[in-house]
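> have a look; sequence and predicted model below, questions after that.
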Amino acid sequence: MTGISRSSKEFAILGLLAISPKSGYDIKKEVETVLSHFWNESYGSIYPILRRLDKDGLAEREAVDSAKGPKRYVYTVTADGLAEFEDWLQQPVQPTPPRSEFLLKLFFGRFTSTASVLKLIRDYGEGTRRMHSMLTRIHATVSQEESSDPGFPFWELTMQCGLKSMESLMGWCEATVQHLESRNGEESQ
């Protein structure tokens, strides 16, 4: 244990490396597909974290030949990295206030037209439907291809949570649009 305070971003990347060695590009692709309904990382944060984990002895970097071009760097979690990751898993979850640009704009909806607010909600609902559809496809693929992996039951739980959350949001969007449309109709009478 290094005694250094680490962010959940670092532990997310250590966890992905604990599953299998990956390059920064591989991590970004996995975040965009498998984790996208509850986690996001940019290349701008992934690569500095990988360098820090390597420097701190929690991951090791290896240059690997690439069929598509120059060598790429693949990172593997070390025994110390795995120990620190496993320790983090035992710690209580720290509450983090959610950040939602959608809810922020909705909160300030009185400063724009009802039509703009309705568009905001409809667009958000449509984006949620697209995300739900994507997660449903990922769920089907993972269920078919990875069901024997020891991590599958836990991946399944996160996917089910994401799907249920999105279904709830889609229902809320529909009900809110109906409410605002009926309210708007009453005000114009």
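Looks like it came in fine. Numbers count the residues shown, from 1 in each chain.

> what about the residue nearest in space to the middle of the chain, which SS state?
The centroid of the chain falls nearest to W39 when counting by CA atoms, centre = their mean (1.9 Å). Reduced to three states with DSSP: H, G, I helix; E, B strand; the rest coil, the structure at W39 is coil.

> so who does it touch?
The contact partners of W39, by CB atoms under 8 Å, 6 or more residues apart in numbering, come to A12, V31. (Each C-beta comes from the backbone N, C-alpha and C, glycine too.)

> next one: A79 from D54, what distance?
14 Å (CB to CB, to the nearest Å).

> between the two, tell me which one has more neighbours.
Between A79 and D54, counting by other CB atoms under 10 Å, D54 is the more crowded of the two (17 against 9).

> how about that one: what's its closest non-neighbour residue?
Leaving aside its sequence neighbours, D54 sits nearest to R61 (CB to CB, 6 or more residues apart in numbering; 4.8 Å).

> element containing the one you found, please.
Assigned by DSSP states H and E, R61 belongs to strand 59-66.

> give the next helix or strand downstream of that strand.
In N-to-C order, the element after strand 59-66 by DSSP H and E is strand 69-77.

> now that next one, how far from the centre of its chain.
Strand 69-77 sits 23 Å away from the centroid of its parent chain (CA atoms, centre = their mean, to the nearest Å).

> extract the CA atoms of that strand and return them as PDB.
Extracted C-alpha coordinates of strand 69-77, given in PDB (Å, rounded to 0.1, in the frame of the first residue of the first chain):
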ATOM      1  CA  GLY A  69       1.300   1.000 -36.900                       C
ATOM      2  CA  PRO A  70       3.800   2.000 -34.200                       C
ATOM      3  CA  LYS A  71       4.200   0.100 -31.000                       C
ATOM      4  CA  ARG A  72       1.500   0.600 -28.400                       C
ATOM      5  CA  TYR A  73       1.800   0.500 -24.600                       C
ATOM      6  CA  VAL A  74      -0.200  -2.100 -22.700                       C
ATOM      7  CA  TYR A  75      -0.600  -1.800 -19.000                       C
ATOM      8  CA  THR A  76      -0.900  -4.700 -16.500                       C
ATOM      9  CA  VAL A  77      -1.900  -4.300 -12.900                       C
END
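
> from here on, count from 26
Got it, the first residue is 26 from now on, which makes the last one we talked about strand 94-102.
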